[in-house]
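# A structural model of the following input is requested.
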Amino acid sequence: MCPLELLPRPGSPEELARFASLQAGLARRFLRFRADPRLEYTVVVVPSQSFDPGELAKILGVQHYEERSLFHLMLLQRPRMRVVFVTSKRLDPLIIDYYLHQMRGVPAEHARARLVLLDCDDGSARPLSWKLLERPRLLALCRELARGADLAHLHHWSTLSSGVARALARELPVAITLHDSFATCPRFFRVPVAPVERCPDPGDVEPCVLCVEPQAGGLPRTTLRAMLTARASSFRAELEAAARVVAPSRAHAARLARLTGLAPARVAVVRHGLSRPLSPAPAPPAWDGTGTLRVLHLGHRATVKGTADLVAALAALVPQRRARVELHLLGAEVEEGLDARLRAAADGLALRFHGDYRLETLGQRLAELGGAHLAALPSRVEESYGLVVDEALALGLPVWVSDRGAPKERVGAAGRVLPAADAAAWTRAFDGLFDDPGRLAAERAAVPAHGRTAADAARELEALYRSVLVPAEKGSSPGSST
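Residues are numbered from 1 along each chain as shown. From the prediction side, this is the model:
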């Protein structure tokens with residue numbers, strides 16, 4: 001638990017009185033801002049990952065996760081906007097320059113002058129919000145920089161147990177983005193491990209005790225039970241302190257509402273976008289059912305991502321068809337030994353492993369590999385967004401996804417939605433392509449000409465910030481999704 005005790009006590013008359021006082025000033029602030037758009041506008045970004053340090057250490061590249069919120073720098077396109085971005089360690093200036101040079105019509109020097117970067121100089125595997133709350137002078141500096149600000153936007157990646165939302169909510173409205181399922185699961189993806197067969201309903205922590213016990217360092221179950229119960233209670237209190245909770249997809253918003261007890265109207269949807277536009281990769285010759293079908297698996301390779309299901313589905317094609325398929329795997333192996341198991345299960349299927357990739361050179365990389373006819377992403381988990389879908393569509397590829405989570409929301413006619421963890425269903429779908437190759441051409445023709453970017457998300461976030469400050473009109477829905 002975070003060592004800082006919050007005062008006043010959550011739910012106390014003093015806290016409620018301070019909240020009412022803050023709320024009474026929101027309309028006045030917004031009217032003043034609307035009347036004069038030249039007024040300064042400040043956003044404070046704290047991209048914290050508030051879950052057990054032992055679990056943090058298991059995430060590949062966890063030290064870079066805070067950088068995933070840098071898309072908020074696109075808000076600096078507004079000439080009077082100021083952004084305060086807090087991190088654990090100092091960010092590489094080259095990364096900041098990269099983002100600032102993505103903004104159109106705004107000199108990078110002008111945007112840089114309105115950006116304040118703060119860091120805790122603490123690379124330990126603990127939540128950033130804990131580090132911030134343990135440093136009163138840094139927290140005071142954040143408050144000073146945000147003085148007169150309209151709203152604070154926090155990015156928590158899991159349980160929100162640190163209390164930073166409650167601390168800031170005493171001064172100004174708070175928006176919280178829940179990017180993934182870490183918020184409701186100590187094991188990241190709500191994928192149970194034996195002997196647990198399914199994740200529990202809200203309020204039941206007994207299955208969670210069994211799931212986390214192997215990594216709990218010998219803590220007794222009574223202690224684990226108390227810690228998990230306290231974790232859930234603190235998480236609910238943080239969400240209650242927020243003026244608005246944000247999710248990256250409709251599927252994730254509905255799931256969060258069900259698992260946390262949040263009223264669905266309080267969860268707004270702001271979809272992510274690519275940090276930069278991608279140019280479509282040159283397509284290989286149109287596939288007519290007789291040549292080689294080039295299938296692309298993009299992103300991390302792991303059992304939960306359905307990589308083995310895809311290999312099993314293609315390997316199950318009759319030999320004459322299997323011989324005319326190549327599966328190209330572009331991304332990192334994040335589950336040790338998986339690639340060896342994929343090769344063993346291929347049964348003559350041509351597998352091509354190409355290593356990891358960088359977004360800025362993805363189109364060129366795929367072109368050098370000869371292109372692809374479609375992307376297949378059969379994830380087994382309830383994806384909160386699935387950025388690889390945006391990447392594949394931006395490359396001009398039709399995309400086949402599983403029926404779990406958010407990816408199915410964005411495919412439309414430019415691909416298919418197939419059952420997760422059902423290799424036979426995917427085999428039938430590929431057989432259907434051999435029977436009617438024209439379906440693939442129709443899916444490719446439906447790929448959108450322009451993909452979504454972080455700048456689009458930033459504009460929608462700005463509209464959401466304003467909606468928090470506008471008194472709800474009679475009969476309107478304060479939590480309508482973007």
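
# secondary structure class for the closest residue to residue 70 other than its chain neighbours?
Using CB to CB, 6 or more residues apart in numbering and skipping the chain neighbours, the partner closest in space to residue 70 is residue 99 (5.3 Å). From N, CA and C alone the C-beta is placed, and that goes for glycine too. Per DSSP: H, G, I helix; E, B strand; the rest coil, the local secondary structure of residue 99 is helix.

# contacts only, for residue 289.
With contacts defined as CB atoms under 8 Å, 6 or more residues apart in numbering, the neighbours of residue 289 are 433-434, 437.

# wait, what's in contact with the closest residue in space to residue 142 that isn't next to it in sequence?
Excluding its sequence neighbours, the residue lying closest to residue 142 (CB to CB, 6+ apart) is residue 44, at 6.0 Å. By CB under 8 Å, 6+ apart, the contact set of residue 44 is 84, 86, 142, 145-146, 149, 152-153, 168.

# for residue 75, see how far away residue 460 is.
Per CB to CB, to the nearest Å, residue 460 is found 11 Å from residue 75.

# again, but for residue 416
36 Å.

# and the two? Which one has more around it.
Set residue 416 next to residue 75 and count neighbours by other CB atoms under 10 Å: residue 75 wins out with 25 against 20.

# can you list the low-confidence ranges for the stretch 101-250 of the chain?
Applying pLDDT under 70 to the stretch 101-250 of the chain flags residues 148-149, 156-163, 167.

# can you show me the strands along it?
115-119, 152-156, 174-178, 244-247 (DSSP state E, counting those that start in this stretch).

# what separates the third one from the chain centre, distance-wise?
The reference is to strand 174-178. 13 Å (CA atoms, centre = their mean, to the nearest Å).

# residue 97 contacts residue 103, correct?
No: in this structure residue 97 lies outside contact range of residue 103 using CB atoms under 8 Å: 11.4 Å.

# compare the two (neighbour count), which wins?
A direct count of neighbours by other CB under 10 Å for residue 97 and residue 103 places residue 103 higher, at 18 against 12.

# residue 19 - how many residues pack around it?
Neighbour count for residue 19, taken as other CB under 10 Å: 15.

# same for the helix or strand encompassing residue 376, what does it pack against?
Using DSSP states H and E, residue 376 sits within strand 374-377. Applying 3 or more CB pairs under 8 Å, 6 or more residues apart in numbering; DSSP states H and E, we find strand 374-377 packed against strand 293-298, helix 387-394, strand 399-402, helix 438-445.

# follow-up on the earlier one: any chance of the strands of the stretch 101-250 of the chain in a markdown table, plus distance to residue 329 and mean neighbour count?
Below are the strands of the stretch 101-250 of the chain laid out as a markdown table (distance: least, CB to CB, whole Å; neighbours: other CB atoms under 10 Å):
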| stretch | distance to residue 329 | mean neighbour count |
| --- | --- | --- |
| strand 115-119 | 36 | 16 |
| strand 152-156 | 30 | 26 |
| strand 174-178 | 30 | 24 |
| strand 244-247 | 30 | 24 |
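
# save those strands as JSON lines, and put in distance to residue 189 too.
Formatted as JSON lines, these follow (distance: least, CB to CB, whole Å):
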{"stretch": "strand 115-119", "distance to residue 189": "29"}
{"stretch": "strand 152-156", "distance to residue 189": "16"}
{"stretch": "strand 174-178", "distance to residue 189": "14"}
{"stretch": "strand 244-247", "distance to residue 189": "16"}
